[in-house]
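Asker: What follows is a protein structure lacking sequence information:
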């Protein structure tokens, strides 16, 4: 069960309203690398998890991410505090209000017009949050790697927001949130490597013939070698003729057996819709390329 | 520039049509863990990359993923080869065709009715592919971790598809695709650790006070300890009173300075929309709870 | 700040696994009327709210909805407990596993293949959750009505799920969740009517000439009258000629003033793309209607 | 059947082109609270409705909303009339055209570049309209409440648009559209309360033990009481120990009966993926934290 | 202005309820090739159109498509008439109801549980309708071609639905709707070719050097020639070395001029995140490949 | 199989960084009319195609579109080259960086903050790419028309981008990409008309009574005639009474046969939720319209 304490995990102080900055912070409220995505990712994993240690950790961190969602949302709410009243009460002229929504450095018209200055589950471009951001597949050797990557990404977005913020208290709160991603990444890493044999992920082994091959698919000036494709670690295949049909077949696609009725229908379809390679038909392009429209 | 060779990277042989299985394979064609997502992820990273080694590797693997997209798409096309002609030519009775779309073990009506038996950029539930599946943030210390995680997830989905397929040639091709994810994960791991100092991701250091703290947010029977929250590695905070307001403030949210006009408007708004805690108003529920509607 | 207690708000007991039922319950986990939508709706409102009573209530109920998300998610996880291990360990034959994903009464292949039996933020059709489900506009006279409606809808979905569930313990837990929607609706109603003058919503009055007019736009056999369009309550306009141009203008759309350059460009565009009403051109349809393709 | 009269319901006069304002008006054309959403909501309800009075009303109002969609769309088209020709004919310099798309107060580049100045089914941020905005559940006690709330929200958005518009004719047309939402809300309210016993929504009663309970889930300074959680109306539960396991159980989640094979597979899975709480493994973080990359 | 006549454009008679068939028909109510998409496409074009003939035609056909949306929606409502009451009233056992949602040939659980048997703006897979289906760009030489293609696609989907329907009255109504797409296509074709010089679309001519070139990008067994790439109509380029860098440059990407500060920052970034091609670092794969987790 | 050559199809030279222009170019990278959509459309068609000539052409053009995706992505990457380093290294002041994200003529904050200056699969408004942009239905008489239309639209977007670009090398590369759409349209036209009898699309003929009828649904001043609705080509129906119930029925919707139980349930539902046309109930509007809240 979740419980709520009215105190925030980190005190939010904002020097003065700044709806343009608030709009940027939406990235971490309703954006793909934001706190709602983080909370949902770990919470859903936790519910399905059977290992007691991982389950506990996932619920710990999911709960903290919800608390971060509250911190970032409170920052956004405070930064919009001035604009909110102005649009609702409309004591300024229309022209002044219009400018306040669209001024340079202030791409906040969606926040104001549609959401009334409240935090919304969109990113800074107004893209609606989608569960497509949640990559869970229900296997810990994959999901923990997903979490490690997600923490790394969230850290980067906070770093960028810090770089464009000059309100020291906002900067400070963003610094806290950024740092917690660093801490969480460490926990997820420990949990991953506490699973014996977490590579390859899952249970099935790979086919030995292809597990350590590197196909040099992009060729030309600038071909580089390194440990990621070195002869020491991989069989490096540059020969174009050894990159296709690697199973030794003919590289075609076929179905071995269609029943009579299926075959007859397919042939009828092919014949009915055949293109005639010998024709050179007049086309819509010919009709449309400027000849006078007349019959 | 991309070039196409008509031979597939892996020969596709399908024993007989099976549109229900084809529908499941859509997960790896147009699903979140599928080959289009993989190709787009690495290709977009590669275009933005300035390190020549990583750029080359990203283009190599992106190109191979496009070739895998072709293999999985060809499997889907072959498995639908029977159904495609039947619906187009309609030589069977309507009832037979209807049953062929909706039989047990065959959730393929969307593939047939909407897409005519061709591979479509949807997952096995019919969810349209979305770029929300692409998590790139343009920083290699984050994006390489993203790639490692994505390869792990794709490996898992292939493993599950193999587990439910009894056509040995389909199984074999899926095995190849699964194995390549294992190989790619290894390359991405090598590339990640070939960057000196890739942790913490990005450039800014965390705040030392919070970088190694673990907040025990979920409490109750079943609290577990392990390296992910051990005293050796983390400061473990269970005291509820030390989990909030960790900056030492009062845990509230505030804006320090609203100008006069902003303040006046905000107060007007608050006053105009105030809720009266002393009232006990009649409500719509009272009206709707079954009292006879009367004038 | 959010805190988590490992005990659920309501104990979850499931008689035996039933992945098909689990799939239906996804409606209230990741569906439009589900608990994540509820929690997000009230939480985001609460963050932006300045009235202390409403803010407190919104956070109370948001927190409870998160606890409900945990209950419904736990039901789903338990109902999938059998399928999860079977697909991961693959000790059955492929054909048995395939049937277990696609059997009659069991549309759960997405849950199993893509999410590994864990609860996912999708509805029962596999549609990804989207913040398009959150209708907040940041005005309490609108948002409280939104909440009242949302509780009513969620109640209906729970009622339907109860009607198709025969596991008594699942039924019982769903009954609890359904009942809480009823309670929440009552609180939101009280809060709405505790705002003096909440109708019309917002601050601007309507134009008196049109505020009590009812346009009978759909005409024919079956025209019905009731209090919603009665002469007592509304001016009822059936005359088709009084339904258009109700401002007394000519019902056209015009821009009063284009500058010279704009006008010139527009005229050039119109002229360049004019359709000739006198021509009867040959078209692609003529070309395509079966005439032999010839040069 | 729908019929169209070339006269608008309300005459549209626009003083002069203003693509930035047009972009804001998109909120009510292709935004979540806009006229397409309204028309679709009531139309789909009307088609499924069996009560003749409600069905008639729903079709009346759906049809009027389509007419409003035409009014707001015509406003947008007129406001873009200048920009449309300029981009298509390109008689200005590139730099002038570029500035005209991106000037201060004019976030209209999507309208111009992608849609050529025509009204598009996006909101002012460019977010594509989605049927996720339509909340219908097919029960009138819920759907009418949905409609009441939707009208309230639409009224608010129009009010805000009026507040930022200084073209008096545009303001006037927006005022008409806003007013009609007020009228529609009244009709939907009448229809709701014309249903005897519309609360609780649907047919099933709630569980008496939980129907009038209020859980004080958010605690701390600022706890407020009012009719929405008063002792008069609710049992108010603040004791944290009475908020969980309210059924009297142990608050855990369990499945009563797994068959032998399911149990064996689940145990195998748990064992195979167990995390070792005693290990303190080296992790990717250790590798990545700046130690010189070497073997 | 839109007006509604209670009579349908085509009488809807359904032999008996069939929710599985209703679900398939959703393709043309809320699917990508369906009537809402058609109506929105032409209506939005019509609002932005300045040519009086095209504008009139677009509004004629948009209005008819709305009437078709009503016909297809009424078919769906009738086919769900039995299921709707059963789920709402729940006089059957839960098991019977469950089976009625999930029986073979009946993938209708979303329609029933979430939408209560009413028509919903989803396709047959439950995918929410999205304005991504509307391809308008605001240029008639493109938009009319879009309409021609859209009518062709809609015709195909109706044909497939007819092929799987055995209720003669439903078949008949679908036949009407299908036929109207054929008629509309003809009107759009006439309108396209009534524009003088509609090819190439828009105003700018192509670069002569590349306007009639065909790049043979996919090579191997099965290379085919026809009028679409014949020497008569195109310069056919198969030589791989003439397919890249066709401008005569070096085929690389470069920015000619970065200012000092930009260059310094970029170099700092490159250096900070450089990958070391000489290192062969230990990686997470090494850690995870089964070595005993220990320090 | 796809292969990659490090040389671009067209050399990319950018005079100097311009993130605002880069943002506009995103339309053709991750927008609805862009190169990813084109490549996916033709590639998926090609995989499902059985006609060898069309299949080859589709793979040729799909491959070229991938090469165009690389060109447009490289343009975007080059135009962001300055901003990328600045945000990552943060050697400027926060205020300068903030302004560089939000300056006039530069709506690029999403590209910088979320994607780090790399090309992203979004359009210029930040809308995530969705497979809803891919309209394939698996029938060549429809899909080829889709392709013709898509090429026309893409040509228009490139034309507009050229019109707002003043960097001559960028303009040149865009000119190449635009021209190729013109060439592709020609190939698709040839392929369409190389199919004998491609109209009406598909196999079923239309119903003769309705195949050449034109319903004048939008009436009023401005009714226009042309070949698209001329008496020569169509039966033109303006009489409102001949536009409905065109089958000669009564224009109603009915289900012929409900079984006993279905009928009983439906009647119970109707009765339970009946609206009372005689009542004039008090409503929430009455409660909310300003009467003092009191019991």
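Answerer: Structure's in. What do you need? Since the model is a prediction, treat every value here as computed from it, not as a measurement. Residues are numbered from 1 along each chain as shown, chains lettered A, B, ... in the order given.

Asker: And the strands in chain A?
Answerer: Assigned by DSSP state E, chain A shows strands spanning A:2-5, A:12-14, A:213-215, A:218-219, A:235-237, A:253-255.

Asker: Show me what the longest one is packed up against.
Answerer: In this structure, strand A:2-5 packs against strand C:2-5, helix C:52-79, strand D:218-219, with contacts taken as 3 or more Cβ pairs under 8 Å, 6 or more residues apart in numbering or on different chains; DSSP states H and E. (C-beta placed from N, C-alpha, C; glycine too.)

Asker: Given the shortest one, what are its sheet partners and their directions?
Answerer: Read that as strand D:218-219. Paired strands of strand D:218-219, with direction, are strand A:2-5 (parallel) (DSSP bridges).

Asker: average pLDDT across the strand it pairs with?
Answerer: For strand A:2-5, mean pLDDT rounds to 98.

Asker: Flag the shaky bits of the stretch 51-200 of chain A, pLDDT-wise.
Answerer: Applying pLDDT under 70 to the stretch 51-200 of chain A flags no residue at all.

Asker: For it, what lies in contact range of chain E?
Answerer: Within the stretch 51-200 of chain A, the positions near chain E by Cβ under 8 Å from any Cβ of the partner chain are A:141, A:192, A:193, A:194, A:195, A:196, A:197, A:198, A:199.

Asker: Contacting chain B as well, which ones from those residues?
Answerer: Contacts with chain B within those, as defined by Cβ under 8 Å from any Cβ: A:141, A:194, A:199.

Asker: Check those against residue E:160 and report the nearest one.
Answerer: residue A:141 (42.5 Å; Cβ to Cβ).

Asker: now the closest one: how far from residue A:201?
Answerer: Distance of residue A:141 to residue A:201, computed by Cβ to Cβ, to the nearest Å: 4 Å.

Asker: One more: residue A:7?
Answerer: Taken as Cβ to Cβ, the span from residue A:7 to residue A:201 is 40 Å.

Asker: Give me the more crowded residue out of these two.
Answerer: residue A:201 (27 against 21; other Cβ atoms under 10 Å in any protein chain shown).

Asker: before we move on, back to that, ok, which of the strands of chain A comes nearest residue C:221?
Answerer: Ranking the strands of chain A by proximity to residue C:221 (Cβ to Cβ) places strand A:2-5 first, at 54.5 Å.

Asker: what distance separates the closest one from the centre of its chain?
Answerer: Centroid displacement of strand A:2-5 relative to its chain, using Cα atoms, centre = their mean, to the nearest Å, is 29 Å.

Asker: CSV please, covering the strands of chain A and showing mean neighbour count.
Answerer: Formatted as CSV, these follow (neighbours: other Cβ atoms under 10 Å in any protein chain shown):
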stretch, mean neighbour count
strand A:2-5, 24
strand A:12-14, 24
strand A:213-215, 23
strand A:218-219, 22
strand A:235-237, 15
strand A:253-255, 19
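
Asker: Among these, which comes closest to residue F:129?
Answerer: For the strands of chain A, proximity to residue F:129 was assessed by Cβ to Cβ; strand A:218-219 is nearest, at 23.0 Å.

Asker: Spit out the contact partners of whatever residue of chain A ends up closest to chain F.
Answerer: Chain F sits closest to residue A:125 of chain A, with a gap of 2.4 Å, by Cβ to the nearest Cβ. Neighbour list for residue A:125: D:125, D:126, F:110, F:114, F:122, F:125, F:126, F:127 [criterion: Cβ atoms under 8 Å, 6 or more residues apart in numbering or on different chains].

Asker: roughly how far apart are it and residue F:121?
Answerer: The spacing between residue A:125 and residue F:121, counted by Cβ to Cβ, is 13 Å.

Asker: before we move on, what about residue A:135?
Answerer: Remark: distance between residue A:135 and residue F:121 (Cβ to Cβ) = 16 Å.

Asker: For residue A:79, which residues are in contact?
Answerer: Taking Cβ under 8 Å, 6+ apart as the test, what residue A:79 contacts is A:14, A:17, A:18, A:19, A:21, A:22, A:25, A:170, B:255.

Asker: how about the nearest residue to the second one, chain neighbours excluded?
Answerer: The shortest distance from residue A:17 to any residue that is not its chain neighbour, by Cβ to Cβ, 6 or more residues apart in numbering or on different chains, is 3.5 Å, and that residue is residue A:82.

Asker: for the fourth one, same thing?
Answerer: Setting aside the residues directly before and after it, residue A:19 is nearest to residue A:108 in space (Cβ to Cβ, 6+ apart), at 3.9 Å.

Asker: Show me the helices in chain A, by range?
Answerer: Under the criterion DSSP state H, chain A contains helices at A:19-25, A:27-30, A:35-48, A:52-79, A:81-89, A:94-102, A:109-113, A:140-163, A:168-193, A:208-211, A:260-272, A:284-288.

Asker: near chain F, anything from stretch A:273-289?
Answerer: Yes - judged by Cβ under 8 Å from any Cβ, stretch A:273-289 comes into contact with chain F through A:273, A:274, A:275, A:276, A:277, A:279, A:280, A:281, A:282, A:283, A:284, A:285.

Asker: Let's have these in CSV, adding pLDDT.
Answerer: Shown next, in CSV, are the residues of stretch A:273-289 next to chain F (pLDDT from 0 to 100):
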residue, pLDDT
A:273, 94
A:274, 94
A:275, 94
A:276, 93
A:277, 92
A:279, 92
A:280, 93
A:281, 94
A:282, 92
A:283, 93
A:284, 90
A:285, 88
